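Asker: coords please:
(2 chains)
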Amino acid sequence: MVELTQTGIEGLDSILNGGIVTNSTTLVIGTPGAGKSILGLQFIYNGVEQFDERGIFLSFEENREDLAAAAESIGFDRWAEHVEAGDIKIYDKRRLLQENDFSDTLEVLLEDLGQDQYDRLVLDSLAMFELFFDDEGEHRTYLLKFTDILKQNGLTSLLTNEQSTVFPDTDIGLENFLTDGNIYLIQTPTESGVTRYVWVAKMRKQDIETDIYPMEITQGGIDVHDNASAFSMMNDSESPL
Amino acid sequence: MVSVDLLRTLGNKYSAEILDATEEPKSAQELSDQLDIPIATCYRRIDELTDHDLLELHDNVLSDDRRRIKVYRRNVDAIEVSFEESMLIDVEKRSEVTNKLDEAWRTLSES
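Answerer: Model prediction:
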């Protein structure tokens, strides 16, 4: 029986047949605004709140205050408290990019990883991580080594990646192959706003639902409606949604 | 520190070839075989290059017959010499980020 780490997002855990495989790395892919960072915040926050698991949040995109504001805006009221208590460790943009000295920060991070204190990690986003490597080959090698380091240290990780097109079939990079799971967050504009979907395209060692399911971003974070796949919803007029 | 001595070292027979061959860690014996360098010369060049921080002792790996073997890896990506004002020798080190990840990963595979 494979050990699972619950995201704490009910609908998503149900699509995943219980959760993400523990100690695996999952790529979260989506266009800007699709909810990648929110999923990351929620994964870390739920870890502390519901499962007593500590988390590390690495953000190349935002600084600590922006993250706290984003967390609070979706109702993660005790985010700052958990950061204060050390249950959530933040490496923010300022820290990661300070004087371009990623290598010093990396050393501290690797030390943190080795201490066995954390169970969950989010890296937002991989696009910046790439910049530290000279070419595709080197990037591939070190992404593999990095994910290996995460796994061996007992971390279940979400790595986010921007994608430029809404439908992903043309945009599959080496990150997709080098990670254990791929979760796509999809958004399409509608007359009334935005319709959002989640698609778990791959999860090694796991029997998953591979349909596309509708989701919402509300107070409380991401909410996945796993009781109706997007396609059955479109075709079935009796669907409750 | 970075002086014209470094250029002399670099100019010695086989030095450049050794740096060229050590993107991945190699032992003196491997370098000697691969580059066809007499083993004593190979050790001498390795010492010189290591003194100038161009090559580094990367690890002591266990050989098939359970002996510890030193492997060396080049420490630089490029060396630039300019004569525009006073002579300037600029040594471009290998990326620290990759070095640190290598190190952490190596520690993993040993434990």
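Asker: any idea how far the residue nearest to A:Ile208 when sequence neighbours are not counted lies from A:Tyr213?
Answerer: Nearest residue to A:Ile208, sequence neighbours excluded (Cβ to Cβ, 6 or more residues apart in numbering or on different chains): A:Val200, at 5.1 Å. Quick note: C-beta positions are derived from backbone N, CA and C, even for glycine. Separation of A:Val200 from A:Tyr213 (Cβ to Cβ, to the nearest Å): 9 Å.
Asker: Give me the distance from stretch B:50-69 to the chain's centre.
Answerer: Distance of stretch B:50-69 from the chain centroid (Cα atoms, centre = their mean, to the nearest Å) equals 10 Å.
Asker: I'd like the mean pLDDT over it, please.
Answerer: For stretch B:50-69, the mean per-residue pLDDT is 89.
Asker: Okay, buried residues for that stretch please.
Answerer: Of all the residues in stretch B:50-69, those buried under the rule 16 or more other Cβ atoms under 10 Å in any protein chain shown are B:52, B:54-56, B:58-59.
Asker: Tabulate those in CSV, adding columns for secondary structure.
Answerer: Output for the buried residues of stretch B:50-69, formatted as CSV (DSSP: H, G, I helix; E, B strand; the rest coil):
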residue, secondary structure
B:His52, coil
B:Leu54, coil
B:Leu55, strand
B:Glu56, strand
B:His58, strand
B:Asp59, strand
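Asker: just those residues now: which is nearest A:Asn17?
Answerer: Distance to A:Asn17, by Cβ to Cβ, is smallest for B:Asp59 among the buried residues of stretch B:50-69, at 42.0 Å.
Asker: doesn't B:Arg106 make contact with the closest one?
Answerer: Yes. Assessed by Cβ atoms under 8 Å, B:Asp59 is found in contact with B:Arg106 at 6.6 Å.
Asker: Who are the packing partners of the helix or strand containing A:Tyr197?
Answerer: If you go by DSSP states H and E, A:Tyr197 is part of strand A:193-203. Where contact means 3 or more Cβ pairs under 8 Å, 6 or more residues apart in numbering or on different chains; DSSP states H and E, strand A:193-203 is packed against helix A:10-15, strand A:181-190, strand A:212-218.
Asker: Using TSV, lay out these together with distance to chain B and mean pLDDT.
Answerer: As requested, the helices and strands packed on strand A:193-203 are exported to TSV (distance: least, Cβ to the nearest Cβ, whole Å; pLDDT from 0 to 100):
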stretch	distance to chain B	mean pLDDT
helix A:10-15	29	92
strand A:181-190	21	90
strand A:212-218	34	92
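Asker: Could you dump those into a markdown table with mean neighbour count and distance to B:Leu101 added?
Answerer: Below are the helices and strands packed on strand A:193-203 laid out as a markdown table (neighbours: other Cβ atoms under 10 Å in any protein chain shown; distance: least, Cβ to Cβ, whole Å):
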| stretch | mean neighbour count | distance to B:Leu101 |
| --- | --- | --- |
| helix A:10-15 | 19 | 31 |
| strand A:181-190 | 19 | 22 |
| strand A:212-218 | 19 | 34 |
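Asker: A:Phe76 is nearest to which of those?
Answerer: For A:Phe76, the closest of the helices and strands packed on strand A:193-203 is strand A:212-218, at 12.5 Å, according to Cβ to Cβ.
Asker: which is the next helix or strand following that closest one?
Answerer: The first helix or strand that comes after strand A:212-218 along the chain, using DSSP H and E, is strand A:221-224.
Asker: Longest helix of chain B, counting residues only.
Answerer: If you go by DSSP state H, chain B has its longest helix at helix B:96-110.
Asker: which residues touch that helix?
Answerer: The contact list for helix B:96-110 (Cβ atoms under 8 Å, 6 or more residues apart in numbering or on different chains) reads A:102-103, A:106-107, A:110, A:114, A:132-133, A:138, A:142, A:145-146, A:148-149, A:152, B:59.
Asker: again, only this time at 7 Å
Answerer: A:102-103, A:106-107, A:110, A:132-133, A:138, A:142, A:145-146, A:148-149, A:152, B:59 (Cβ atoms under 7 Å, 6 or more residues apart in numbering or on different chains).
Asker: Okay, the residue of chain A found nearest chain B and A:Leu123: tell me how far apart.
Answerer: Nearest residue of chain A to chain B, counting by Cβ to the nearest Cβ: A:Ser103, 3.5 Å away. Distance of A:Ser103 to A:Leu123, given as Cβ to Cβ: 16 Å.
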